[in-house]
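Colleague: prediction below, plus the sequence it came from.
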Amino acid sequence: MKTKNASHLSLGAAPWKFLLLAVALLFTYALPVHADDHEAPAEEAVEEEAGPVDDYLELLEKQGEYAPAYDFFTTSMLWTCIAAALVFLMHLGFATLESGLCQKKNVVNVLFKNVFIISIGVITYAFFGFNTHYPGDFNGWFAWGDMIGDLNADGNDTWGYGGLGLAMTGFGDFIFQAMFAATGATIVSGAVAERVKLSSFMVFAVLFVGVAYPIAGSWHWGGGVLAEAGFKDFAGSTVVHAFGGFGALACVMVLGPRKGKYTENGIKPIPAHNFPMAAIGVFLLMFGWYGFNGGSVLSAEPSALGLVFTTTTLGACAGAIGAIIASWGVLKKPDLSMALNGLLAGLVGITANADVITVKGALLIGLIAGVIVVFSIIWLDKLKIDDPVGAISVHGVCGIWGTIAVALFGDSGDPEAPFSVLTQIYGALLVSAFAFIFALVVFVILKGVMGVRVSEEEEERGLDISEHGQEAYGS
Amino acid sequence: MKLIKAIIKPFKLEEVKDALSEIGVEGMTVSEVKGFGRQKGHTEIYRGSEYTVDFLPKVKVEIAIADDMSDKVVDAIVGASQTGKIGDGKIFILPIEETVRIRTGEKGEDAI
């Protein structure tokens, strides 16, 4: 019987491997990755060592006309970067919340989807999302953007960036907005959990975050048709939350409910397997929301920042109280998952209007959002729309509420141009319908081409074993 | 030799263990189980929908003892784990055909 002589084989292969590695290293070194490193040495012959103060004065000169405001610019840019990191942290919140609310046998799958979404979301945003989201001058509906380049060049690392008046550099703008982009698909991932086919979901996520999100966003923040109509959405109740929520609704309708959830004898609940994780997730999301709303001030302007931090917090707290009162009143016992959803509902509700409302307004908006979300969750279940985490209710329904609340409670500061309820409704419905139809079309096509749902046996066994061959909690 | 299997309420485990050491029982195997008898389950509610949980958490204690200890062990367990309320549990007494101590290979009552 012939046996492989392993050591003989590796001896033969080793030199080739080293040669390949050396060639690869040489190649990467030769690539012009470092843009301006190979310039000529220092032009000036300095007599003294240039100290840090001289470096600072040079930087100041570089700011040109914006030099007098350099301190504010740097503080604002710093805040923007911190806010971007806080929004990134929301993905940790989503990951823990979703895995806590699903069953033990699907945790790996939920986490995997979350890792994928943030990764592909930021990458597509760099490749074409950012410039599609902010196309500059365009027809108001659609303009395809190309990949980002050096966003520090051409004075874009000063307050003159893009001539937009934003107190951040080009890269600061990019990274802050990139973190928002992936949250849209993450909202969907919770709603479709425990029965969606991983590969189909990955294709959907790339299209939803990569293509649909920047287009919808360009209508408002990109200066498109909604901006021109006077629509106001401070930090994205519509363009992020309702967008995600109604995309989720379309997917859930195509996907169908989890097996065994809706029986002839009524609803058979599939309870959360880990409430501590769910609670941790919600608190992390709230923590990240300070970046989400606070960062949307787009500078370190103290007056706006303090207001937004306060209204955001009050909205969240009122949302939790509203949900606790509503759920305890309607259902016999206080439900932790409803209280958690209520906190988030308040946050979503406040997201469109945090910078234009009063303290009382924040409390009312949050409270109403908390009540709405409870009834929305119960009602959707009655309609046999299975949403394991309540994403459609928290983000979709409360996103629309928050958007309309802008006109009901917000002060535009211009008596001749107040917020309009009709414009707010128009914007909310436009984006929600777009998200819904886009997701519906993509999911129906995916269903036909490759299927969007795992088999019954796979669903029973759990997606961790059937899709990943892994267990979340090893023994 | 007898194998005593006792299904008891989980919070009674420490008391039962203490009562058994007092009468000289030096070993036992304990597992977390679920079950029900005449004690019905309870209702839980999640996001507005009620459902019954039939299986209640219990603890199973298994003790191998010499024949002459059987009554003392049963009395000790009953005394320690009884609450008088429904769901106190049950004790089963089974005969053991053979016992082996793995470390030494001893058999019979020496192995208990």
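Modeller: Nice, thanks for sending it over.

Colleague: hang on, residue B:98 packs against residue B:107?
Modeller: Yes. Applying CB atoms under 8 Å, one finds residue B:98 in contact with residue B:107, separated by 6.4 Å. Glycine gets a C-beta too; all of them are placed from N, C-alpha and C.

Colleague: more neighbours: which of those two?
Modeller: Under the criterion of other CB atoms under 10 Å in any protein chain shown, the comparison of residue B:98 against residue B:107 puts residue B:107 first, with 11 against 8.

Colleague: leaving out the residues flanking it, which one is nearest to that one?
Modeller: residue B:100 (5.5 Å; CB to CB, 6 or more residues apart in numbering or on different chains).

Colleague: got it, and residue A:434?
Modeller: Among residues not flanking residue A:434 along the chain, residue A:216 sits closest, at 5.6 Å (CB to CB, 6+ apart).

Colleague: for residue A:186, same thing?
Modeller: residue A:94 (4.7 Å).

Colleague: same question for residue A:103.
Modeller: In this structure, residue A:103 finds its nearest non-sequential neighbour in residue A:273, 5.3 Å apart by CB to CB, 6+ apart.

Colleague: report the secondary structure state of the one you found.
Modeller: coil (DSSP: H, G, I helix; E, B strand; the rest coil).

Colleague: what values do phi and psi take at it?
Modeller: Backbone torsions of residue A:273, given as degrees, to the nearest 10, read phi -100, psi -10.

Colleague: roughly how far does it sit from residue A:388?
Modeller: Applying CB to CB, to the nearest Å, the value for residue A:273 to residue A:388 is 11 Å.

Colleague: what do these two both touch?
Modeller: Common contacts of residue A:273 and residue A:388 (CB atoms under 8 Å, 6 or more residues apart in numbering or on different chains): residue A:102.

Colleague: could you confirm residue A:223 falls within a helix?
Modeller: No. Read with three-state DSSP, residue A:223 is coil and lies in no helix.

Colleague: on that earlier part again, so the residue nearest to residue A:434 sits against residue A:436, correct?
Modeller: No. The pair residue A:216 / residue A:436 is not scored as a contact, 11.2 Å apart, by CB under 8 Å.

Colleague: comparing those two, which shows the higher neighbour count?
Modeller: Legend: neighbour count by other CB under 10 Å for residue A:216 and residue A:436, higher for residue A:216 (27 against 21).

Colleague: can you classify that one by secondary structure?
Modeller: At residue A:216 the chain is in helix, as set by three-state DSSP.

Colleague: do the same with residue A:49
Modeller: Judged by three-state DSSP, the three-state class of residue A:49 is coil.

Colleague: max-length helix in chain B?
Modeller: For chain B, the longest helix by residue count, based on DSSP state H, is helix B:70-81.

Colleague: given the helix or strand just after that helix, what are its sheet partners and their directions?
Modeller: As assigned by DSSP states H and E, the chain's next helix or strand after helix B:70-81 is strand B:89-95. Paired neighbours of strand B:89-95 in the sheet (DSSP bridges): strand B:2-8 (antiparallel).

Colleague: can you map out the helices along the stretch 101-250 of chain A?
Modeller: According to DSSP state H, counting those that start in this stretch, the stretch 101-250 of chain A carries its helices in the segments A:107-124, A:130-133, A:170-191, A:198-207, A:213-220, A:225-228, A:243-255.

Colleague: in the stretch 301-450 of chain A, what residue is nearest chain B?
Modeller: Chain B sits closest to residue A:378 of the stretch 301-450 of chain A, with a gap of 4.5 Å, by CB to the nearest CB.

Colleague: that residue contacts residue A:335, doesn't it?
Modeller: No. Using CB under 8 Å, residue A:378 is not in contact with residue A:335, being 10.5 Å away.

Colleague: which of residue A:273 and residue A:388 has more neighbours?
Modeller: Taking neighbours as other CB under 10 Å, residue A:273 and residue A:388 compare with residue A:388 leading, 24 against 18.

Colleague: not counting residues beside it along the chain, what's closest to that one?
Modeller: Nearest to residue A:388 is residue A:193, by CB to CB, 6+ apart, at 5.1 Å.

Colleague: and the pLDDT for that neighbour?
Modeller: Per-residue confidence (pLDDT) for residue A:193: 95.

Colleague: touching chain B at all, stretch A:282-297?
Modeller: No. Stretch A:282-297 does not reach chain B (CB under 8 Å from any CB of the partner chain); its nearest approach is 14.9 Å.

Colleague: now that stretch - C-alpha only, PDB.
Modeller: Below are the C-alpha coordinates for stretch A:282-297, written out as PDB (Å, rounded to 0.1, in the frame of the first residue of the first chain):
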ATOM      1  CA  VAL A 282     -30.800  48.000  23.800                       C
ATOM      2  CA  PHE A 283     -28.600  50.000  26.300                       C
ATOM      3  CA  LEU A 284     -25.700  49.800  23.800                       C
ATOM      4  CA  LEU A 285     -28.000  51.100  21.100                       C
ATOM      5  CA  MET A 286     -29.000  54.000  23.200                       C
ATOM      6  CA  PHE A 287     -25.400  54.800  24.000                       C
ATOM      7  CA  GLY A 288     -24.600  54.700  20.300                       C
ATOM      8  CA  TRP A 289     -27.600  57.000  19.600                       C
ATOM      9  CA  TYR A 290     -25.800  59.800  21.200                       C
ATOM     10  CA  GLY A 291     -23.500  59.600  18.300                       C
ATOM     11  CA  PHE A 292     -26.300  59.100  15.900                       C
ATOM     12  CA  ASN A 293     -28.300  62.100  16.900                       C
ATOM     13  CA  GLY A 294     -25.500  64.100  18.600                       C
ATOM     14  CA  GLY A 295     -23.200  63.600  15.600                       C
ATOM     15  CA  SER A 296     -26.000  64.800  13.200                       C
ATOM     16  CA  VAL A 297     -25.500  68.300  14.700                       C
END
